[in-house]
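Peer 1: here are the coordinates; sequence isn't available:
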Ligand code: BDP
């Protein structure tokens, strides 16, 4: 069951119960937890909500900024009726690496703070009684891990993280924890591809099983009618007059996968899928044959109190606000989000660029810390880093491949692509991941400001170009913005005059803005200036046909490290951190509602 990243489900054969709530929590700066048997529970612990980042609950700075090992523990009951099943604990996310112990026995470790993993506890679980889980987590940043950064030790002995990226290193059990059980013979994965026309759709499916069983698959429409069925671990579901999944007009079907032995059902897994055809043709992005222009946001999982915790209330509000602006898309900058975000996007018809936490792969990104000039890919950490990077791309695609909303995979954010040493790293990443997605969605990455048409050595890799550009903010700012526009147009002319025949999406542009600061004529940081920057970019986007989308940075203000470029976080939000609109929100709404 540890191989499966399917979302938990409760049905006749499967069990799912959230273990969310107040857990025991304790820092372990001296790494004495194992020797002192914290694996069987924590004494002198504080209470900590799950899911949540621990950081913002504390009032002492050394606790908020804590880097190193820390533990969570809770008791949980395993029902007797699960005795003949495989039982596991599924962690939605543990930042950034973790080891799980149940009833004192070490079960497994996992690296990567933004993807789920299950600890199979079948052999140690006590049925019909109470059990105890402890998890040791480490939130340090290193150059050979994702997301990239350093961990230093201050003269006073405190450890401190130095992210090479611009979001706060919120840590802990940021997503729900589930007690799950499934039959010993069970579905552990499935995938679908589609052949779609207006009057017919074929769903080609493939089911992966642990053990041996017969497979029966049904497709059910939104009214509960069975529209197709098939037998076998791989097969075709034929649907006449399908209701296709369209952008901001989603229709979903339920796929019901049943396992049978001697004609008796022994497992069942159901999920919602959307039938649609995505094509990249020259500069165009087509969904079901219709051209789509992306409007939307780079986002973060970030909110007050619980940091990077997934909160369905925040997600609900964000979806409402995105829809209010007329957005049809977002990027999961800079890491895979909680599964619920994709399920919601499937339902609402958003196009999602799904990003792996390969962020900070650029020494200049450490300029938040004072600038380091070497090429990131010359470092001796890249072999180890690449292993983890590939592993996380694998898990992201495995987890998210059935979401109709996901239309592209972003394999890096702003890596250093301007040196030759980047090329072999990219070659391997693109080569090794080319067959992971049965739907073969576009694979891409965002190009930072320094990685221009002329400078980037990695333009041969992406299927779609994603550009992050900041004239008007990080250079040519204020009254010089007209030169910023001229420079941007010069670069766009180079792309236009090249033989590159692929779509381009702007995945970042924007300006930090202090809400409530008004000034006529504008100055930087004012609400007026943010709108002027967005107007400038809008003029440029409208001048080039190969630009097929705009995702402003950022949906909402978010927390970052402290620094002389940040006033309590990044303020490029179109909405404040508590999700109220800045003036630019009204500008965007007007613009996006008038774009096809
Ligand atoms: C880009 C990064 C993003 C930052 C943004 C900014 O991709 O994470 O938050 O710049 O500086 O370089 O606002």
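Peer 2: Good, I have the coordinates. Since we're looking at a predicted model, the values are computed, not measured. Numbering: from 1, shown residues only.
Peer 1: Helices of the stretch 201-350 of the chain, residue ranges please.
Peer 2: Assigned by DSSP state H, counting those that start in this stretch, the stretch 201-350 of the chain shows helices spanning 312-325, 339-348.
Peer 1: Return the distance of residue 403 relative to residue 356.
Peer 2: To residue 356, residue 403 is 15 Å away according to Cβ to Cβ, to the nearest Å. For every residue, glycine as well, the C-beta is placed using N, CA and C.
Peer 1: Which one's more surrounded, these two?
Peer 2: More neighbours surround residue 356 than the other of residue 403 and residue 356, with 31 against 20 (other Cβ atoms under 10 Å).
Peer 1: Report the mean per-residue pLDDT for stretch 354-372.
Peer 2: Here stretch 354-372 scores 75 as its mean pLDDT.
Peer 1: Residue numbering should commence at 262 henceforth.
Peer 2: I'll keep to 262 as the first residue from here, and by that count the last item is stretch 615-633.
Peer 1: in the longest helix along the chain, what counts as buried?
Peer 2: Using DSSP state H, we find that the single longest helix of the chain is helix 643-661. Buried positions in helix 643-661, judged by neighbour count with 16 or more other Cβ atoms under 10 Å: 643, 646-647, 649-651, 653-661.
Peer 1: and the chain, which residues reach the ligand?
Peer 2: If contacts are counted using Cβ under 6 Å from any ligand atom, the residues of the chain sitting beside the ligand are 426-427, 595, 674-675, 709, 729, 769, 814, 831, 833.
Peer 1: Can I get these in a markdown table including neighbour count and secondary structure?
Peer 2: Written out in a markdown table, the entries for the residues of the chain next to the ligand read as follows (neighbours: other Cβ atoms under 10 Å; DSSP: H, G, I helix; E, B strand; the rest coil):
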| residue | neighbour count | secondary structure |
| --- | --- | --- |
| 426 | 25 | coil |
| 427 | 24 | coil |
| 595 | 25 | coil |
| 674 | 30 | strand |
| 675 | 27 | coil |
| 709 | 24 | coil |
| 729 | 20 | strand |
| 769 | 25 | strand |
| 814 | 24 | strand |
| 831 | 23 | strand |
| 833 | 26 | coil |
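Peer 1: quick check, nearest of the residues you listed to the ligand?
Peer 2: Nearest to the ligand out of these is residue 427 (Cβ to the nearest ligand atom; 3.5 Å).
Peer 1: Let me know the pLDDT of the closest residue to the closest one other than its chain neighbours.
Peer 2: For residue 427, ignoring the flanking residues on the chain, the nearest one in space by Cβ to Cβ, 6 or more residues apart in numbering is residue 821 at 5.2 Å. Confidence at residue 821, expressed as pLDDT, is 97.
Peer 1: who's in contact with residue 821?
Peer 2: With Cβ atoms under 8 Å, 6 or more residues apart in numbering as the criterion, the residues that contact residue 821 are 427-429, 629, 827, 830-831.
Peer 1: Quick one, which of these are buried?
Peer 2: Applying 16+ other Cβ under 10 Å to the contacts of residue 821, the neighbour count classes 427-429, 629, 827, 830-831 as buried.
Peer 1: quick one, what contacts residue 613?
Peer 2: Residue 613 makes contacts with 590-593, 603, 606, 664, 666-668, as judged by Cβ under 8 Å, 6+ apart.
Peer 1: cool, and residue 777?
Peer 2: With Cβ under 8 Å, 6+ apart, residue 777 has these contacts: residue 788.
Peer 1: quick one, phi/psi of it?
Peer 2: Recorded main-chain torsions at residue 777 are phi 90, psi -10, according to degrees, to the nearest 10.
Peer 1: Would you mind measuring from it to residue 581?
Peer 2: With distances defined as Cβ to Cβ, the gap from residue 777 to residue 581 amounts to 23 Å.
Peer 1: And for residue 429?
Peer 2: Counting by Cβ to Cβ, the gap from residue 429 to residue 581 is 25 Å.
Peer 1: before we move on, what about residue 297?
Peer 2: Counting by Cβ to Cβ, the separation of residue 297 from residue 581 is 47 Å.
Peer 1: Sketch out the low-pLDDT regions of the stretch 362-511 of the chain for me.
Peer 2: Residues of the stretch 362-511 of the chain meeting the criterion pLDDT under 70: none.
Peer 1: is it true that residue 685 lies in a helix?
Peer 2: Yes. Assigned with DSSP: H, G, I helix; E, B strand; the rest coil, residue 685 falls within a helix.
Peer 1: got the contact list for it?
Peer 2: Contacts of residue 685 (Cβ under 8 Å, 6+ apart): none.
Peer 1: at 10 Å what do you get?
Peer 2: Contact criterion Cβ atoms under 10 Å, 6 or more residues apart in numbering gives 638, 643, 647 as the residues in contact with residue 685.
Peer 1: correct me, but the first one touches residue 690?
Peer 2: Looking back up the chat, that one is residue 638. No. With contact defined as Cβ atoms under 10 Å, residue 638 and residue 690 do not form a contacting pair (11.2 Å).
Peer 1: Overlap of the contact sets of these two?
Peer 2: Overlap between the contact sets of residue 638 and residue 690, as judged by Cβ under 10 Å, 6+ apart, is given by 647, 676.
Peer 1: phi, psi of residue 817?
Peer 2: Main-chain dihedrals, residue 817, degrees, to the nearest 10: phi -140, psi 160.
Peer 1: Count the neighbours of it for me.
Peer 2: So residue 817, with other Cβ under 10 Å, has 25 neighbours.
Peer 1: That one bridge partners, please.
Peer 2: Bridge pairing for residue 817 (DSSP bridges) gives the partners residue 836.
Peer 1: Isn't it up against residue 576?
Peer 2: No. Checked against Cβ under 10 Å, the pair residue 817 and residue 576 is beyond contact range at 12.0 Å.
Peer 1: where do the contact lists of those two overlap?
Peer 2: Each of residue 564 lies in contact with both residue 817 and residue 576 under the rule Cβ under 10 Å, 6+ apart.
Peer 1: quick one: the spatially most central residue of the chain and residue 426, what's the gap?
Peer 2: Nearest to the mean C-alpha position of the chain, by Cα atoms, centre = their mean, lies residue 597 at 1.7 Å. Taking Cβ to Cβ as the measure, residue 597 and residue 426 are separated by 15 Å.
Peer 1: What of residue 595?
Peer 2: Using Cβ to Cβ, one gets 6 Å for the distance from residue 595 to residue 426.
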